[in-house]
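J.: coords below, sequence missing:
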């Protein structure tokens, strides 16, 4: 069995639950740019590496999966148009 120092060197979690969800370090804009690159002929692996988006995320989006924001839009009190209008009004 590897010591905790050995596990850290291998990049394995030592004090977290193995199924801890990691914070995303990419934006929806990164995803959209990666998807554009793929539709223009780039490979999924290349787009994943160059835009910092997990390959599995790109594959699921290509299959039609919605973004988190789109999937949860029915939970919002305001539509995107209403929210933008309110934002514009407050900032004036």
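T.: The structure has been received and is ready for your questions. Since the structure is predicted, the reported quantities are computational estimates derived from the model, not experimental observations.
J.: flag the shaky bits of this structure, pLDDT-wise.
T.: 1-23 (pLDDT under 70).
J.: can you give me the helices in it?
T.: 4-9, 28-39, 44-51, 55-62, 68-71, 80-91 (DSSP state H).
J.: show me the contacts for residue 35.
T.: 47, 58, 61, 62 (C-beta atoms under 8 Å, 6 or more residues apart in numbering). C-beta coordinates here come from the backbone N, C-alpha and C atoms, glycine included.
J.: so which of these is surrounded by the most neighbours?
T.: Most neighbours among the contacts of residue 35, by other C-beta atoms under 10 Å: residue 47, with 23 neighbours.
J.: quick check: closest non-adjacent residue to that one.
T.: Counting by C-beta to C-beta, 6 or more residues apart in numbering, residue 47 lies nearest to residue 34, which is 4.0 Å off, once chain neighbours are set aside.
J.: and if you look at residue 61?
T.: Per C-beta to C-beta, 6+ apart, closest to residue 61 is residue 35, 6.0 Å.
J.: for residue 67, give its distance to residue 52.
T.: Separation of residue 67 from residue 52 (C-beta to C-beta, to the nearest Å): 16 Å.
J.: quick revisit: can you get me a residue count around the residue nearest to residue 47?
T.: 26.
J.: separation between it and residue 73?
T.: 22 Å.
J.: residue 65 too?
T.: Distance, residue 65 to residue 73, by C-beta to C-beta: 14 Å.
J.: with residue 50 instead?
T.: 29 Å.
J.: cool, residue 43 as well?
T.: Applying C-beta to C-beta to residue 43 and residue 73 gives a distance of 31 Å.
J.: swap in residue 33?
T.: 22 Å.
J.: these two: which is more packed in?
T.: residue 33 (16 against 12).
J.: can you give me the neighbour number for the spatially closest residue to that one that is not a sequence neighbour?
T.: If the residues on either side of it in the chain are set aside, residue 33 comes closest to residue 51, at 5.6 Å by C-beta to C-beta, 6+ apart. Counted with other C-beta under 10 Å, residues neighbouring residue 51 total 21.
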